[in-house]
Each structure stands twice: as structure tokens, then as C-alpha cells.
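Novice: got a predicted structure here, sequence first:
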Amino acid sequence: MLLWSEVAPHICVRLAPEDTQTFMLADAGHAEAQDDLGQLFLMSEKYSAAVYWFGLAAQQNHPDAMQWLGHCHLNGKGVAQDENLGLMWLAKAAAGGHVIAQGLMKALIGARDGCSAAVNGR
């Protein structure tokens, strides 16, 4: 165990007072807090740290974290760009009820169906 006072100076983003509690909860395994930290790091352009926290929350089937993890893989933020992994995480988020991921998947399927219709002369 480390003291927060020893860890806080090494964190690479500006923290608000309430962020301390989020870190504690995330470290204890709370998926919502892990997703919150992922977003904090993503918005601070600390992509590798964002992917780490999103990954922990996604492993607990947190739909928002899955959607953000898909975004990171699709755009090469914090990880090598990988369309297959990105789409997999988006699909999992959509299946978990994430509205944004559902809309993205519908748009992707619609675009694919439109291409198939054009190729097949429909």
C-alpha cells in the first residue's frame, strides 16, 4: 500500500479535490470510477493511461468503458490502431445497451448494406 500523498505528485493530470475519491474507488476495482478515470486521462490526452483504466472497467462489462475502448482502438489512441478490436468493443458496448455505440453500429451496418446494394445493382 502507498500513501496518496506519495502517489498524487506523480499523476500526469490536474486533479480536482473530488478526483482523489475516484482514484481510490478505481483502485479498489469499481468499474464506474475506472471509466471516470479513463475519461479524465483521455481528455488530458494521456491515452495509454486512459486505455488502461477503460480496459479494467471493460473487463467488468461496463458499456461506457467498452465504447471508449473501441474509440481508442479505432483511432489509435494509446494503442496501435486496430479496426477489428475497435469494432469488437463497440459491438460489446452496443449489446450492453450503450446508446452511442448502438447508433454507431447501426450506421456502420447501414453503410455496409448500402455498399452491398450498390455492388449488387440494387
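Specialist: Done, it's in. Numbering: from 1, shown residues only.

Novice: can we go C-alpha only for contacts and neighbour counts from here?
Specialist: Will do.

Novice: please identify the buried residues of the helix or strand hosting L69?
Specialist: L69 belongs to helix 63-75 when assigned by DSSP states H and E. For helix 63-75, burial by neighbour count (16 or more other CA atoms under 10 Å) applies to P63, D64, A65, M66, Q67, W68, L69, G70, H71, C72, H73, L74.

Novice: got a list of what the fifth one touches?
Specialist: Applying CA atoms under 8 Å, 6 or more residues apart in numbering, we find Q67 in contact with W89, L90, K92, A93, A94, H98, I100, A101.

Novice: so who does the most centrally placed residue in the chain touch?
Specialist: Centroid-nearest residue in the chain: W68, 2.4 Å away (criterion: CA atoms, centre = their mean). Contacts here follow CA under 8 Å, 6+ apart; on that basis W68 touches F54.

Novice: follow-up on the earlier one: show the buried residues in the contacts of Q67.
Specialist: Applying 16+ other CA under 10 Å to the contacts of Q67 flags W89, L90, K92, A93, A94, H98, A101 as buried.

Novice: those in strands, which ones?
Specialist: With strands defined by DSSP state E, no entry of those lies inside them.
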